[in-house]
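K.L.:
model this:
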Amino acid sequence: MSSAVNLIEREAPDFGGTYTSINGSSGILDLLILLVDGRHIKYRLLLEQVEKQVSVREESREHLPAFCPERHINYDGTFCLYYPAAGKLEVDDAPSAIAWLETLYKYLKLQDRAKRQRKWPDAGSWAHGGAALHQLRALEAASALKHDIANALKQGHIILKRRKSKGRPILEIWIENNRIFGVWERHKRVINQSRRCFCLSNGSRRPKKLRRCNDHAQQAAELALAMRDWEDEEQRFWDGMKGKSCCGSCDNCPLPLES
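P.N.:
Residues are numbered from 1 along each chain as shown. This next block holds a predicted model:
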């Protein structure tokens, strides 16, 4: 049975790449990235295999920062290509090797855009650290509701606002300047469940009320709670980065600039 790096080696030429083995589980991938403006960037990448998973980073710091959470580069320089809980990017046959190379190629194209725009250009990328778990919860809940809500979340247009009413905490879901619904945080329940359901009962002439429409009241509450946990875990991630410096390549990085 072929190893993961051997499978990548076979498919690499179709992506403009060549692989040179170091040993049975690691090697160098020279990969030429063609950008939309016609430019080419040649990357020299170190691949290391552990079972069916392959990590990748620049062999030497040439095009990318050594570490940048905003650009999904881990502290050890490896690229954050996927979130394991949403699907492991394992390589055990030709199609999965192609999927791995496609993911890497897209990631490196995004890196060039991030460098020019000074921010990560893909709103649908995974959150940092444990926040990704709650992002996945939010995506699953939003997908059960009105299609516009799911799309807004994927595009980064949903905003969570927190307020209190007579001392009771409320979580509000907004899409741009429009309040969609609120949730009693302590009771984990949508406020005003007699309203029409977000899904509009699939186009029915008389849409169901939220409380009677499948599990949509529960899913709406879950969306707000997941977004709360997403924000909180994201803050904990950055708190855990204290003592580390920003590379200076993104404008809104919470880390202090390197001295």
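
K.L.:
Just give the nearest non-adjacent residue to I41, would you?
P.N.:
Spatial nearest neighbour of I41, chain neighbours left out: I33 (4.7 Å); criterion: C-beta to C-beta, 6 or more residues apart in numbering. Yep, even glycine has a C-beta here, placed from its N, CA and C like the rest.

K.L.:
Which elements pack onto the helix or strand that that neighbour is a member of?
P.N.:
Using DSSP states H and E, I33 sits within strand 26-34. Where contact means 3 or more C-beta pairs under 8 Å, 6 or more residues apart in numbering; DSSP states H and E, strand 26-34 is packed against helix 4-11, strand 17-23, strand 40-50, helix 94-117.

K.L.:
for those, which one sits closest to A220?
P.N.:
Nearest to A220, of all the helices and strands packed on strand 26-34, is helix 94-117, at 31.8 Å by C-beta to C-beta.

K.L.:
chain center to that closest one, what's the gap?
P.N.:
When distances are taken as C-alpha atoms, centre = their mean, to the nearest Å, helix 94-117 is centred 14 Å away from the chain's centroid.

K.L.:
any residues touching the helix or strand following it, and which ones?
P.N.:
Moving toward the C-terminus from helix 94-117, the next helix or strand (DSSP H and E) is helix 131-143. Residues from elsewhere that reach helix 131-143 (C-beta atoms under 8 Å, 6 or more residues apart in numbering): 83, 85-86, 126-127, 149-150, 152-154, 158, 219-220, 222-223, 226-227, 229-231, 233-234, 237.

K.L.:
Turn the buried ones among the residues you listed into a named ChimeraX selection, would you?
P.N.:
Of the contacts of helix 131-143, the buried ones can be selected in ChimeraX as follows, counting by 16 or more other C-beta atoms under 10 Å:
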select :83,126,127,149,150,152,153,158,219,220,222,223,226,227,229,230,233,234,237
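
K.L.:
In strands, which of the contacts of helix 131-143 fall?
P.N.:
Counted as lying in strands by DSSP state E, out of the contacts of helix 131-143, are I158.

K.L.:
Identify those among the contacts of helix 131-143 that sit within helices.
P.N.:
149-150, 152-154, 219-220, 222-223, 226-227, 229-231, 233-234, 237 (DSSP state H).

K.L.:
Tabulate the CA atom coordinates of stretch 147-163 in CSV.
P.N.:
Provided in CSV are the C-alpha atoms of stretch 147-163 (Å, rounded to 0.1, in the frame of the first residue of the first chain):
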residue,chain,number,x,y,z
HIS,A,147,-31.3,29.7,3.8
ASP,A,148,-30.4,33.4,4.1
ILE,A,149,-29.3,32.9,7.7
ALA,A,150,-26.9,30.1,6.7
ASN,A,151,-25.5,32.1,3.8
ALA,A,152,-25.0,35.2,6.0
LEU,A,153,-23.1,33.2,8.6
LYS,A,154,-20.8,31.7,6.0
GLN,A,155,-20.1,35.1,4.6
GLY,A,156,-19.4,36.6,8.0
HIS,A,157,-22.4,38.9,8.0
ILE,A,158,-24.0,37.7,11.2
ILE,A,159,-23.3,39.8,14.3
LEU,A,160,-24.0,38.7,17.9
LYS,A,161,-25.1,41.4,20.3
ARG,A,162,-25.4,41.1,24.1
ARG,A,163,-27.7,43.1,26.3
